[in-house]
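**Q** What follows is a predicted structure for the sequence shown.
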Amino acid sequence: MLSAGDVPSLTDVLLERRIIVCVGSGGVGKTTTAATLALAAARRGKRTLVLTIDPAKRLANSLGLQALGHQVQEVDRALVRTGAPSQTGELHAMMLDQKAAFDEVVAKHAKDPQAVKRILTNPVYAQISGSLAGAQEYAAMAKLHDFDQTGSWDTIVVDTPPTAHALDFLDAPRKLSEAIDSPAIEWFRKLQGGSGSGWSFVGKTGAFVLKRLAKFVGSQFIDDLGVFFTEFNDILGGFRKRAEETFALLRQPRVGFVLVASPEPMAVREALFFHERLVTAAMPFVGFVVNKVHPALPTNADEPAVVAALSANPGIAALGLSGTTKTMAAQALFSAHGELETLAEADRAAIEQLRAAGGAKSLLIEVPLLRDDVHDVQRLVGLERYLLA
Ligand SMILES: Nc1ncnc2c1ncn2[C@@H]1O[C@H](COP(=O)(O)OP(=O)(O)OP(=O)(O)O)[C@@H](O)[C@H]1O
Ligand SMILES: [Mg+2]
């Protein structure tokens, strides 16, 4: 039992919170971290779901997600439970198809099955659902909201999309609302008069503009646009309501945000910015996972001694090099070691910046840069020892 003031470990967080959201900038290791945490929860007896987004192909394969897309699939139980602390947990995984998730939101809020069909087959919808600002992130959050409501998961771990900027993710509901409320869309909606009866209410100016527009894009497109806005108008309320509910859900104490970063300067800047944003928005921040850290090496500044020791190393001796070549090889190793030290030092400075921002009450976990990609269940189990240390 934790007493007030104690910093919980990531294991405590994992066992206590129902939803863990892994956020961070592109390529830092969000998907890997989400998969590792989900597996760790399952191995501790939780019925777990991991919602992944575009995992690397080999990782998807090892989670059994190769051909599925947008369906929940159980990861091989034997694989999950081998050597695990509990033999009752389960890991289910889903690779989110963001377009399909957006379609589901439409289906849920449209007034009847015919309206769903009309919207989903409308060419304007096909265009807009993929490119509306924040639509994809919104869809991911909507899916989380659905899964949370089913109540059938002990733990849900959520991976987030590789947005160019980490903030896009939190801004998604607002962005989507703004895009839908944009002056251009509003104009079209007004032309329609909300009557759902095509373009009969457009008035003189509207008719003129539409005629000119039709010249460029074709009258069929204008008709599609008209139908789309009438139909879509009906479901906007539902979209907004869902966005608000999801935002409220993300603020609850049973949620935990894990901010994944790498020690790269850009990633650190983004992580600091994102942390600030989470705190301001009163979202429950758990801590930083700093991934791909260069391990600190033992230092020895005495070059001749190190070079002599390296020259005597059996590996170098086995190369059968002559005296000077052997020394040159040892010197090359020494300077490579020096470069690694410099990288490790830069990483330390970056980590301290994050630690200072997070403060005494949050976690900071370091995961070393590993020699290989993390693409199967065994390697995910291997990562556990760093993440849950
Ligand atoms: N600690 C590590 N050491 C070495 N490689 C790693 C480590 N963590 C993750 N990787 C590898 O780095 C790559 C990117 O990781 P991952 O896909 O988890 O990042 P991401 O943040 O989800 O990326 P994106 O923003 O594109 O979705 C993968 O190939 C993964 O196997
Ligand atoms: Mg990813």
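**A** Noted; the coordinates are in hand. Ligands and ions are numbered 1, 2, ... in the order given.
**Q** Report the central residue of the chain.
**A** Thr160 (1.8 Å; CA atoms, centre = their mean).
**Q** That one touches Gly26, doesn't it?
**A** No: the criterion here is CB atoms under 8 Å, and Thr160 misses it with Gly26 at 10.5 Å. Yep, even glycine has a C-beta here, placed from its N, CA and C like the rest.
**Q** And for the residue of the chain found nearest ligand 2, the neighbour number?
**A** Here the chain gets closest to ligand 2 at one residue, Thr31, 3.3 Å apart by CB to the ion. Number of residues near Thr31 (other CB atoms under 10 Å) recorded here: 23.
**Q** any idea how far it is from Pro263?
**A** 19 Å (CB to CB, to the nearest Å).
**Q** that older thread, kindly state the distance between the middle of whatever helix or strand the residue of the chain closest to ligand 2 lives in and the middle of its chain.
**A** Element membership of Thr31, judged by DSSP states H and E, is helix 30-43. Distance of helix 30-43 from the chain centroid (CA atoms, centre = their mean, to the nearest Å) equals 12 Å.
**Q** Convert that helix to PDB, retaining C-alpha atoms only.
**A** Output of helix 30-43 as PDB, limited to C-alpha atoms (Å, rounded to 0.1, in the frame of the first residue of the first chain):
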ATOM      1  CA  LYS A  30       4.800   4.700 -28.300                       C
ATOM      2  CA  THR A  31       3.600   1.500 -30.000                       C
ATOM      3  CA  THR A  32       6.400  -0.500 -28.500                       C
ATOM      4  CA  THR A  33       5.700   0.900 -25.000                       C
ATOM      5  CA  ALA A  34       2.000   0.400 -25.300                       C
ATOM      6  CA  ALA A  35       2.500  -3.200 -26.400                       C
ATOM      7  CA  THR A  36       4.900  -3.900 -23.500                       C
ATOM      8  CA  LEU A  37       2.700  -2.400 -20.900                       C
ATOM      9  CA  ALA A  38      -0.300  -4.300 -22.100                       C
ATOM     10  CA  LEU A  39       1.500  -7.500 -22.100                       C
ATOM     11  CA  ALA A  40       2.900  -6.800 -18.600                       C
ATOM     12  CA  ALA A  41      -0.700  -6.200 -17.400                       C
ATOM     13  CA  ALA A  42      -1.900  -9.400 -19.000                       C
ATOM     14  CA  ARG A  43       1.000 -11.300 -17.400                       C
END
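**Q** The helix or strand just after it to helix 30-43, inter-axis angle?
**A** Of the helices and strands lying after helix 30-43 in sequence (DSSP H and E), the nearest is strand 47-52. Between strand 47-52 and helix 30-43, the angle comes out at 170 degrees (axes from the mean of the first three to the mean of the last three CA atoms, to 10 degrees).
**Q** so Arg58 makes contact with Asp372?
**A** No: Arg58 is beyond contact range of Asp372, at 10.6 Å (criterion: CB under 8 Å).
**Q** Counting neighbours, go ahead and name the busier of these two.
**A** Neighbours around Arg58 and Asp372, counted as other CB under 10 Å, are more numerous at Arg58. The numbers are 14 against 7.
**Q** got the end-to-end distance for stretch 289-302?
**A** The straight-line separation of the ends of stretch 289-302 (CA to CA, to the nearest Å) is 35 Å.
**Q** Buried ones in it, by neighbour count?
**A** Of the residues in stretch 289-302, 289-294 count as buried by neighbour count, 16 or more other CB atoms under 10 Å.
**Q** repeat for stretch 142-160
**A** 142-145, 147-148, 153-160.
**Q** Same question for stretch 340-354.
**A** 341, 343-344, 347, 350-351, 354.
**Q** ok, now stretch 104-113?
**A** Using 16+ other CB under 10 Å as the test for burial, stretch 104-113 gives 104-106, 109-110.
**Q** Distance to ligand 1, pLDDT and secondary structure for those residues - can I get that in a markdown table?
**A** Shown next, in a markdown table, are the buried residues of stretch 104-113 (distance: CB to the nearest ligand atom, whole Å; pLDDT from 0 to 100; DSSP: H, G, I helix; E, B strand; the rest coil):
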| residue | distance to ligand 1 | pLDDT | secondary structure |
| --- | --- | --- | --- |
| Glu104 | 22 | 87 | helix |
| Val105 | 22 | 84 | helix |
| Val106 | 25 | 86 | helix |
| His109 | 29 | 86 | helix |
| Ala110 | 31 | 87 | coil |
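**Q** Make JSON lines out of those residues and add distance to Asp302.
**A** Shown next, in JSON lines, are the buried residues of stretch 104-113 (distance: CB to CB, whole Å):
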{"residue": "Glu104", "distance to Asp302": "65"}
{"residue": "Val105", "distance to Asp302": "65"}
{"residue": "Val106", "distance to Asp302": "69"}
{"residue": "His109", "distance to Asp302": "71"}
{"residue": "Ala110", "distance to Asp302": "74"}
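**Q** what subset of these is also close to ligand 2?
**A** Among these, not one lies near ligand 2 by CB under 5 Å from the ion.
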